[in-house]
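Asks: 3D, please:
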Amino acid sequence: MKAPDPEPADRPRFLDAGEAALVVEFGAAVDPAINDRVLALDAALGADPPLGLAETVPTYRSLMIHYDPLVLSRAALVAAVEGRLAERGAARGAGRLWTIPCCYDPALAEDIAEAASLAGLAVADAAAFHAGALYRVYMYGFAPGFAYLGGLPEALALPRRSSPRAPHPPGAVMIGGGLAAIGTMPMPTGWYVLGRTPERLFAPERDPAFLIESGDTLRFEPVSADTFAGLERRAASGEVVAGRAA
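Replies: Here you go, the predicted structure:
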């Protein structure tokens, strides 16, 4: 019996997640090209959603699509996805570029000394490596506004902690598992807090509530503890203190 032909390498996998969600998987790695395809499909469905689509959730390498199976069948949803991909292609343009203020003072960067020691670096060098990189915003997840970032320098690619540390503060800028992240609300974490930003990536009273988008790029601008305090007061009043390239 002849084996079925393999699927084309660029064709996504369609995976069921229960009876009312479909996962469209584009790859198996944390990769900008794969993430671009996820975000391109997300944008295409958002611009022209089929009747019965409830919500889309983009991740590093896949898009979860929640739908009403009483209105939209799985087969029709797959056909709609394939149609959007054929119409719009799998590429996506560059997102916006943000400059996020970040304080690396050990009084606010609670784990910088520990993380630097584990990486075999001086504290100042750890901060310089972190601030010198460009980061891609891959996705939000885990908690509102919790941004997962790629682009962490290899020198800072530490594994996550074997057990969680005490809750981190709001605006914690963290590293762990070869990635970087920005947290929005206090919670225990297995990441290392390398700095803190006064900017609020998530503010439910703001429109839009999420400041940056998946696919955007950001860099961290070092600020002193005094500057941080002033920016934090401005951010608390509703001002956006991050910079955005035009």
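Asks: Okay, now the unreliable bits of this protein?
Replies: 1-9, 88-94, 246 (pLDDT under 70).
Asks: Checking residue 117 next. Helix, strand or coil?
Replies: With DSSP: H, G, I helix; E, B strand; the rest coil as the basis, residue 117 sits in helix.
Asks: Contacts only, for it.
Replies: Counting by C-beta atoms under 8 Å, 6 or more residues apart in numbering, residue 117 touches no other residue. Every C-beta, even on glycine, is put in place using the N, C-alpha and C of the backbone.
Asks: What residues are recorded as beta-bridge partners of residue 193?
Replies: residue 174 (DSSP bridges).
Asks: what about it, neighbour count?
Replies: 23 (other C-beta atoms under 10 Å).
Asks: ok, it touching residue 166?
Replies: No: counting by C-beta atoms under 8 Å, residue 193 does not reach residue 166; the two are 10.1 Å apart.
Asks: Work out for me the element the residue most central in space within the chain sits within.
Replies: For the chain, the residue nearest the mean C-alpha position is residue 139 (2.8 Å; C-alpha atoms, centre = their mean). Using DSSP states H and E, residue 139 sits within strand 135-140.
Asks: May I have the strands that pair with that strand, each with its orientation?
Replies: strand 147-150 (antiparallel), strand 217-223 (antiparallel).
Asks: can I assume residue 84 is in contact with residue 41?
Replies: Yes: under the criterion of C-beta under 8 Å, residue 84 makes contact with residue 41 at 6.2 Å.
Asks: Comparing these two, which shows the higher neighbour count?
Replies: residue 41 (24 against 20).
Asks: next one: phi and psi at the nearest residue to the more buried one once chain neighbours are set aside?
Replies: Among residues not flanking residue 41 along the chain, residue 63 sits closest, at 5.4 Å (C-beta to C-beta, 6 or more residues apart in numbering). Dihedral pair for residue 63: phi -120, psi 120, per degrees, to the nearest 10.
Asks: The one 3 residues further on too?
Replies: Torsion angles at residue 66 (phi, psi; degrees, to the nearest 10) stand at phi -90, psi 130.
Asks: in the sheet, who's paired with it?
Replies: residue 21, residue 55.
Asks: mind checking which of the strands paired with strand 135-140 is nearest residue 205?
Replies: strand 147-150 (19.0 Å; C-beta to C-beta).
Asks: Quick one: residues contacting residue 31.
Replies: residue 61.
Asks: Specify the local secondary structure of residue 195.
Replies: strand.
Asks: going forward can the numbers begin at 57, since that is how I track them
Replies: With 57 as the first residue, the last one maps to residue 251.
Asks: List the contacts of it.
Replies: Contacts of residue 251 (C-beta under 8 Å, 6+ apart): 158-160, 164-165, 168, 183, 186, 228-229, 276.
Asks: what's the answer for residue 74, then?
Replies: Neighbours of residue 74 in contact, by C-beta under 8 Å, 6+ apart: none.
Asks: how about the contacts of residue 251, which pair is most distant?
Replies: Among the contacts of residue 251, 183 and 228 lie farthest apart (C-beta to C-beta), at 14.7 Å.
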